[in-house]
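>>> mind looking at a prediction? Sequence and model below.
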Amino acid sequence: MVRSKLPQEVMLQLEIQKGTTEKWCVKSLCARLMDYVVAKERSDKSDVQKDRQNSQNNNGANSLSKRNQFQGKFSKFQNGSRQFPNRSTAEALVVNGNDTSQSSSYFDKCRFCQGKHWSDQCPKYKTIDERKAQLKGSCYKCFRNTHKSAECKKGKLCVHCGVLNSHHRSLCPKKFGPGLTSVHLSEEYDHSSSGLSSGVEQSLTSLSEQRETASENVLISSSEIVLMQTAKVEVSNPNDSLKQTTRLLFDSGSQRTYISQKLASKLKLKSEGDEEITIVTFGSEKARTVKTASTSLCIRLNNGKVLKISANIVPVISGTVQRRRLDTSSIENVRHFVKDVELADVIPTQYETSTVDLLIGNDHYFDFILGQRIEIQPGLYILASKLGWIITGRTKENDYSREDIESSFLIMSYTGSNVPKTDTCITSVPNVTDLWNLESIGISDDDNSTEDSRVLEMFKETLEYSNGRYYVTWPRKNDNVDLPVNRDLALSRLKSCIARMRKKPELLEKYNSVIQDQLDKGIVEKVEEHSTEGLKHYIPQHAVLTPNKTTTKLRIVYDASAKPNNEVNSLNECLYRGPVLLRNLCGIFMRFRLNQVAIVADIEKAFLQVGLQKGDRDVTRFLWLKNYKDGYAFDTNLQEYRFCRVPFGIISSPFLLAATVESHLDKYQSPIARKIKDKIYVDNLISGCTSVAESLEFYSEAKHIFQNASMNLREWVSSSKMFNELLPTKDRTDVFETCVLGHLWNTDIDVIYVKSAKNTMCSGISTKRKTLSELAEVFDPMGFFSPVIVSGKIFLQDLWKRNLKWDDEICGDDKLKWISISSELKKISDVSIPRFIGLEANQNNVKYKLLCFCDASKRAYSTAIYLHQSSGDATKCDLIFSKSRLAPIQGMTIPKLELMAVLIGVRSLKFVKTELKLVIDKTFLWTDSQCVLKWLSTKKSLRVFVENRVQEIKSHKDISFMYVSTKENPADVATRGTLVQKLRSDHLWWHGPSWLKQDENTWEKIYDDDDANQKVNDQFKNELKTSENQKESAFVSENGQEITSNKMPYNIDIKRFSSYHNLIRVTAWIEKFISKIRRIPSNNEKYLSVKEIKKAEEMWIQSVQRKSFADVFNSIHTGQKNNVKVQLGVYFDNENLLRCRGRFENADISECAKFPILLPRGETFT
């Protein structure tokens, strides 16, 4: 069949070469044909050169340019007829195929404009959209109007991209769609910008002279090699020195970049959060949603710089990828080119298999690909990239014995609804499980890292005070900062900003007046572009309108995170954030409610009052206009400024302000200075006094203290009308409603309101995402409305249990239920809460008590804390703090949930007691669970879960635990939910049981131990019986033999050892001594062997495990169900140690890392 397609004269020559003895096969036919082609081309070469010269001379001005020759545009049109230059026999075979069919198809009219030219060369309709519009419903593959594209069976091959049965050649997205710019060999461009040396230019020139004409029609055969876009690169951990060399694959068909788990583990990359992505694999009709971790890594470019990218971690990207041998010696154009350029990947010289551990998707594709594309032979290209030149495309292979193997990579992914409304780097899947995770409850300690300590020390060493103002330096991560100038980006942003404001001239005028005001006050200063030496950096800017504010309605915001590309760092990336020095918001708010006269003020333009030392000012340059009315003359109307103060918008600014204010207040030893330090939040002062006279004294000294730091306390407002009237007009505000720590405060009637959701979900589509969004809009850190909000939390957990996707619509009864909950959330802002909860000012010797109530239901558990104040006959009790959490999805018994409620109760009590800064006389905690109270009072051992929490609760020696009936327990309503209207008038919730106002001696004491209450006793024993048996007996194996006891090895007191190393060695020496006196064969050396040390270590691990995980041991031996065993996949190894199975089971790591030893948290040995 193949021979019948060849011209007769060609077959005659091939038969002569073959002879009479050899039989034809595809391989021998191709070999003979190649020999014939080479011989024929050599003999016809001189004639071809002559024909080309004659053709160019005859065409004159209409001849093709050099650029069009190398683009493959060898056809020319003169007077409506197509002209073909002379070709060699080889070209005729590849280009023309059957000459008759070529000539007949040439006379067809253009399908789009009916002109006498090929459809894919239509000059009138050039884009794919324009051409499709002319087809009027015809098939896009064959142009017939009898069927649709999906039904087309023509199976034509596109000669531009080589794709079969996908589209007509005139609709090729590769040729006519928006894509890479094709840069051809004869096209003039800046070689230096592409990294081409002079040697490369000579190679390109030589290549362009040797290049023969070719058509866009190419025969695709089984003997072709397809080279994918790969590169060998050095990848590294951004936060570590770990590096690996790997092969990456560029895949523009993938929306995301992926890294294999194997490579991520080698680099020890940290997870930056989980994301839900949807994957559509090749040949699959359905999408698959998976949860992957995102991370960041660095890739070294061929210019030595490092590019930081983000990627999703997946177990495996692909199987092995076959790389077929490419013989560059037989492809002359490739041989000449590759010897003078730096390739991104080595050319395979033999058949090899490789793995791809990094796939660069379309999110980072053009961060690497520069856009230059050079065709070195039909179908074979080189692409310029920041990793070197990439050889890609198709070419013929000489070795046909290798079986054809195809590798396809297609990963379509999206987050959420596939229409990104936020930055894709931010996970769109909220961590809703924090609402019920046991590990996230309670008050956690501040994280004082080493880095924060170093930054704080750096600040103290560089802080300067001159002429009544503090001057600071930027906390740089490195003295040799690689910071871009950024001037072009700043200018571009300025042009956009001015273009928007020109529609509102008054806005442009206000913007200009802000800068002029800052110039007059010395906040900024004028500079020339080349006025100083050293590091310079320009910050883009834009305007933010805040019409609701009483003072600054237009604020200029500076974007210190802006950078021209991902290869360089922004200013924010070069600086430390610094430690968080803010006081706890809840603590300040609780103290705010204790003073009869409440006072609020703020520091005027606080950030701009902290000076910048001169050496740090040039990195804060920005651009503005000399004359804002002549905004478009940027060449002559541009003025450069730089900040003399700390601007808002830089990552270190909040720390520098807080550290400066704290350092300044530390200079003063007065009670008022200490009071200010304890009650300032960013630039807001939230304080109070007992009388107007004391308030005026506070005002006077506070003003003086801040004036010494060139800061102005302004907008003073108080709950006392007398105090407000006595203030100077310039310092006070006449607004009676102000925002205090996220709450609305009405100073006229001295009440506060909790901000709630602005819009309800009564109209439009309700989804799980919108549900969480509206629930999160309610800002209630004090927990005043926990009984209302808990209904929304429970509803959200129910949606989570049904595995609804984030953007699935909520319908039916669920929607009606959410509409009801949503309307209640909106009503929260209508309820007023008294701001002042203290006793009258004339009361002396006030005694303070903290009272905590805890409760749990099968859906939630909660705690409510009250401040009890008494002085003589005056008694007051008010809710000051509350917390509620949902029960875990896996389920938990009511007694255990009651125990969890008591646990968050004692943690909350500790937090409130610390933040109130009052002398607390007594602390009480009530629960309606008699079982929990029995657990707290027993001296018997309990199961691990209960035991650990009981021990933490009992560690608070100052708390008295008491019983309260469910009916009188105010925390009960926060576990079931209620309506706003009911909560508004619920005296039990806002003030606790009525008997709290009676004498303390009449308060209900701890329950009577009633043995008749069989249910309570059973609940108590459920957590007691098994553990008692475990504690008092030895562990027995399946064959009935004793394994070991849970005592420490040789009764060694572990607390007497200062290091793990010493403990193990002492144990090993004791074991060695005992073995010797028992005449047990052992190592007689004077030194401990590795085996002896290992045995001592195993003894300790076994002992600690049997002490802390007795229930797990019994569960494994008896086959009973145990949560720890199931969740962690616990099993016995060969040394009878408990190990865990997990996700690392198939990882390429050591066995010890795959199956870690189970150890108890908090144990001294651990």
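Thanks, I have it. What you are looking at is a predicted structure, and each value in this text was computed from that prediction instead of being measured.

>>> all strands of the stretch 151-300 of the chain, in order?
Ranges of strands in the stretch 151-300 of the chain, per DSSP state E, counting those that start in this stretch, are 224-227, 230-236, 243-250, 258-260, 274-279, 288-300.

>>> same check, this time on the stretch 851-1000 of the chain
860-871, 874-886, 920-927, 959-963.

>>> the stretch 351-500 of the chain too?
Under DSSP E, counting those that start in this stretch, the stretch 351-500 of the chain gives strands at 352-354, 358-360, 369-377, 380-385, 388-396, 464-466, 469-472.

>>> for those, give me JSON lines that also has mean neighbour count.
Where you see a C-beta, it was placed from the backbone N, CA and C, and this is true even at glycine. Shown next, in JSON lines, are those (neighbours: other Cβ atoms under 10 Å):
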{"stretch": "strand 352-354", "mean neighbour count": "13"}
{"stretch": "strand 358-360", "mean neighbour count": "24"}
{"stretch": "strand 369-377", "mean neighbour count": "19"}
{"stretch": "strand 380-385", "mean neighbour count": "22"}
{"stretch": "strand 388-396", "mean neighbour count": "21"}
{"stretch": "strand 464-466", "mean neighbour count": "12"}
{"stretch": "strand 469-472", "mean neighbour count": "21"}
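
>>> what would those strands look like in a markdown table with mean pLDDT and distance to residue 566?
Shown next, in a markdown table, are the strands of the stretch 351-500 of the chain (pLDDT from 0 to 100; distance: least, Cβ to Cβ, whole Å):
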| stretch | mean pLDDT | distance to residue 566 |
| --- | --- | --- |
| strand 352-354 | 65 | 27 |
| strand 358-360 | 92 | 13 |
| strand 369-377 | 78 | 13 |
| strand 380-385 | 85 | 14 |
| strand 388-396 | 82 | 18 |
| strand 464-466 | 94 | 36 |
| strand 469-472 | 96 | 30 |
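
>>> okay if I get these as JSON lines plus distance to residue 637?
JSON lines is the format used below for those (distance: least, Cβ to Cβ, whole Å):
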{"stretch": "strand 352-354", "distance to residue 637": "58"}
{"stretch": "strand 358-360", "distance to residue 637": "43"}
{"stretch": "strand 369-377", "distance to residue 637": "34"}
{"stretch": "strand 380-385", "distance to residue 637": "38"}
{"stretch": "strand 388-396", "distance to residue 637": "44"}
{"stretch": "strand 464-466", "distance to residue 637": "35"}
{"stretch": "strand 469-472", "distance to residue 637": "32"}
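
>>> out of those strands, the one nearest residue 37 is which?
Residue 37 lies closest to strand 388-396 among the strands of the stretch 351-500 of the chain, at 11.6 Å (Cβ to Cβ).

>>> residues touching the closest residue to residue 915 other than its chain neighbours, list them.
Spatial nearest neighbour of residue 915, excluding adjacent residues (Cβ to Cβ, 6 or more residues apart in numbering): residue 587 at 3.1 Å. Shown in contact with residue 587 (Cβ atoms under 8 Å, 6 or more residues apart in numbering): 914, 915, 916.

>>> so what's residue 587 scoring on pLDDT?
The model reports residue 587 with a pLDDT of 94.

>>> next, the angle from the helix or strand harbouring it to strand 874-886.
Assigned by DSSP states H and E, residue 587 belongs to helix 585-592. For helix 585-592 against strand 874-886, the angle by axes from the mean of the first three to the mean of the last three Cα atoms, to 10 degrees is 160 degrees.

>>> roughly how far is helix 585-592 from the heart of the chain?
Distance, stretch centre to chain centre, for helix 585-592: 32 Å (Cα atoms, centre = their mean, to the nearest Å).

>>> relative to strand 860-871, how tilted is it?
Using the same axes, to 10 degrees: helix 585-592 against strand 860-871 is 30 degrees.

>>> could I get the CA-only coordinates of the helix or strand just after helix 585-592 as CSV?
Where DSSP H and E defines the elements, the next helix or strand beyond helix 585-592 is strand 597-603. Output of strand 597-603 as CSV, limited to C-alpha atoms (Å, rounded to 0.1, in the frame of the first residue of the first chain):
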residue,chain,number,x,y,z
VAL,A,597,-16.8,57.5,83.5
ALA,A,598,-15.7,55.9,80.3
ILE,A,599,-13.2,57.8,78.1
VAL,A,600,-12.1,57.2,74.5
ALA,A,601,-9.6,59.1,72.4
ASP,A,602,-7.2,58.4,69.5
ILE,A,603,-3.8,59.5,68.3
